[in-house]
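> build the 3D model from these lines:
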Amino acid sequence: MSRLIAVRVLQAVPVILIVSVLAFLLITLLPGDPAVVIAGDQASPEAIAAVRHNLGLDKPLIEQLGIWFIHLVQGNFGSSLMLNQSVLSAMGERLPVTLSLAALSILITLPVGIFAGVIAAYYRQTWVDTLVMTLALIGVSAPAFWIAILSILFFGVYLRWLPTSGYMPFLQNPALWLRSLVLPALILSLFQIGFLARMTRSAMLEALGQDFVRTARAKGLSEWKAVGKHAFRNALILIVTAIGILLSTAIGGSVVLEQVFALPGVGRLVVQGILARDYPLVQGVMLIYGFAFVLINLAVDLLYTLLDPRVRYD
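Here you go, the predicted model:
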């Protein structure tokens with residue numbers, strides 16, 4: 001296991017380097033000059049040049065990249081230009097909101113998505129299968145922002161059941177925390193449930209057609225034990241892969257919903273940073289997101305070996 005972890009970590013290093021370079025280069029391609037944004041539209045050319053010099057934007061691009069890598073090695077992700085605080089501090093204040101939204105959506109997704117996929121596979125080519133897969137297709141295809149707006153109008157404005165915006169920290173009031181996140185979490189989980197149900201159905205159909213399931217039935221095992229204990233366990237490899245993808249999309253896909261519901265999370269912070277041309281903030285957040293996705297993939301790889309000892313890595 002330790003050798004596996006070491007190999008996967010070494011394989012992740014080039015990915016992190018590529019993500020770092022892309023994060024640096026892509027943000028510099030955005031239109032607009034951060035020096036002009038900071039100095040103001042009415043600032044003189046001398047004032048703009050002074051701001052650009054202080055930010056190091058007057059240096060060659062390769063030199064800027066080298067300086068940025070040196071800071072990253074030192075654990076310095078830079079300071080936000082619009083917030084006047086470090087990137088790590090800004091993320092630390094908003095990360096609980098994004099993680100709460102992602103965790104709540106995953107808690108909704110896993111039981112519903114897996115159960116729907118198993119039922120659809122067991123009753124394949126029946127009206128149950130057709131209904132579940134149709135609903136899954138709608139969940140995958142429906143635009144999240146459109147459903148969010150309709151949900152706000154119906155549940156927030158018309159019925160007045162749930163708040164339309166804002167966030168309450170869990171430690172201050174758990175009940176209000178849940179009320180502030182349940183609607184965006186449900187909307188975020190729609191795509192995830194549809195995706196997980198389709199992946200689970202595919203994995204279960206393959207497992208149900210294997211000889212060991214027919215042997216279990218021939219030995220007199222109950223239908224649900226043959227399906228639940230034997231088929232489902234062998235389908236877990238593909239299901240875990242789908243869950244790993246969903247963890248990444250739950251964190252990265254919360255940007256739109258944080259904007260619509262005015263949640264003070266990392267996704268909304270990134271949007272504000274892009275609009276303000278806050279290069280250090282956007283670069284730092286993109287890089288930290290890259291670290292998170294690599295860790296999620298590493299965790300999925302380790303789960304493979306626990307679920308299926310036949311899995312081997314070179």
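> poorly predicted segments of the stretch 1-150 of the chain, please.
Counting by pLDDT under 70, the ranges of the stretch 1-150 of the chain that qualify are 1-2, 4-5, 26-34, 37-41, 55.
> strands along that one, start to end?
Under the criterion DSSP state E, counting those that start in this stretch, the stretch 1-150 of the chain carries no strands.
> domains in this structure, as residue ranges please.
2-73, 88-307 (automatic domain parsing).
> most tightly surrounded among these?
Neighbour counts (mean count of other Cβ atoms under 10 Å) averaged over each of the domains of the chain peak at domain 88-307, with a mean of 18. Backbone N, C-alpha and C define where each C-beta goes, glycine included.
> kindly reformat the domains of the chain as JSON lines containing distance to residue 80.
Shown next, in JSON lines, are the domains of the chain (distance: least, Cβ to Cβ, whole Å):
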{"stretch": "domain 2-73", "distance to residue 80": "11"}
{"stretch": "domain 88-307", "distance to residue 80": "4"}
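> quick one, which of those is nearest to residue 81?
In terms of Cβ to Cβ, the element of these nearest to residue 81 is domain 88-307, at 4.7 Å.
> from the chain's centre, how far out does the closest one sit?
Distance of domain 88-307 from the chain centroid (Cα atoms, centre = their mean, to the nearest Å) equals 9 Å.
> so which residue is dead centre in this protein?
residue 251 (2.5 Å; Cα atoms, centre = their mean).
> any residues touching the helix or strand that contains that one, and which ones?
Residue 251 belongs to helix 232-252 when assigned by DSSP states H and E. With Cβ atoms under 8 Å, 6 or more residues apart in numbering as the test, helix 232-252 has contacts from 98-99, 101-102, 105-106, 109-110, 114, 117-118, 188, 191-192, 195-196, 199-200, 202-204, 206-207, 210, 212, 267, 289, 292-293, 296-297, 299-300, 303-304, 307-308, 311.
> stretch 119-137 too?
With contact meaning Cβ under 8 Å, 6+ apart, stretch 119-137 is reached by 116-117, 193-195, 197-198, 200-201, 204-205, 208, 227.
> repeat that for stretch 161-174.
Contacts for stretch 161-174 (Cβ under 8 Å, 6+ apart): 96-97, 100, 152, 155-157, 176-177, 179-183, 261-265.
> one more time with 10 Å, if that's ok
94, 96-97, 100-101, 151-157, 175-184, 186, 258, 260-265 (Cβ atoms under 10 Å, 6 or more residues apart in numbering).
> send the alpha carbons of stretch 167-176 over as CSV?
Only the C-alpha atoms of stretch 167-176 are listed here, as CSV (Å, rounded to 0.1, in the frame of the first residue of the first chain):
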residue,chain,number,x,y,z
TYR,A,167,-25.9,31.5,4.2
MET,A,168,-25.9,30.7,8.0
PRO,A,169,-22.9,28.9,9.5
PHE,A,170,-23.6,25.5,11.0
LEU,A,171,-22.2,26.4,14.4
GLN,A,172,-24.4,29.4,14.8
ASN,A,173,-27.7,27.7,13.9
PRO,A,174,-27.7,24.2,12.4
ALA,A,175,-31.4,24.4,11.4
LEU,A,176,-30.9,27.7,9.5
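> quickly note the distance from the residue nearest to the centre of the chain to residue 127.
36 Å (Cβ to Cβ, to the nearest Å).
> over to residue 150?
From residue 150 to residue 127 the distance is 28 Å (Cβ to Cβ).
> for stretch 171-187, what is the average pLDDT?
Stretch 171-187 shows an average pLDDT of 86 in the prediction.
> still on that earlier bit, got the CA coordinates for the helix holding residue 251 in PDB?
The C-alpha coordinates for helix 232-252 follow below in PDB (Å, rounded to 0.1, in the frame of the first residue of the first chain):
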ATOM      1  CA  PHE A 232     -23.400  -5.100  -6.400                       C
ATOM      2  CA  ARG A 233     -20.100  -5.800  -4.800                       C
ATOM      3  CA  ASN A 234     -18.500  -6.500  -8.100                       C
ATOM      4  CA  ALA A 235     -20.000  -3.500  -9.600                       C
ATOM      5  CA  LEU A 236     -18.500  -1.200  -7.000                       C
ATOM      6  CA  ILE A 237     -15.300  -0.500  -9.000                       C
ATOM      7  CA  LEU A 238     -17.200   1.400 -11.600                       C
ATOM      8  CA  ILE A 239     -19.500   3.000  -9.000                       C
ATOM      9  CA  VAL A 240     -16.500   4.200  -7.000                       C
ATOM     10  CA  THR A 241     -15.100   5.700 -10.200                       C
ATOM     11  CA  ALA A 242     -18.300   7.600 -10.700                       C
ATOM     12  CA  ILE A 243     -18.400   8.800  -7.100                       C
ATOM     13  CA  GLY A 244     -14.800  10.100  -7.500                       C
ATOM     14  CA  ILE A 245     -16.000  12.100 -10.600                       C
ATOM     15  CA  LEU A 246     -19.000  13.400  -8.700                       C
ATOM     16  CA  LEU A 247     -16.800  14.600  -5.800                       C
ATOM     17  CA  SER A 248     -14.900  16.700  -8.200                       C
ATOM     18  CA  THR A 249     -17.900  18.100 -10.000                       C
ATOM     19  CA  ALA A 250     -19.700  18.800  -6.700                       C
ATOM     20  CA  ILE A 251     -16.800  21.100  -5.600                       C
ATOM     21  CA  GLY A 252     -16.200  22.700  -9.000                       C
END
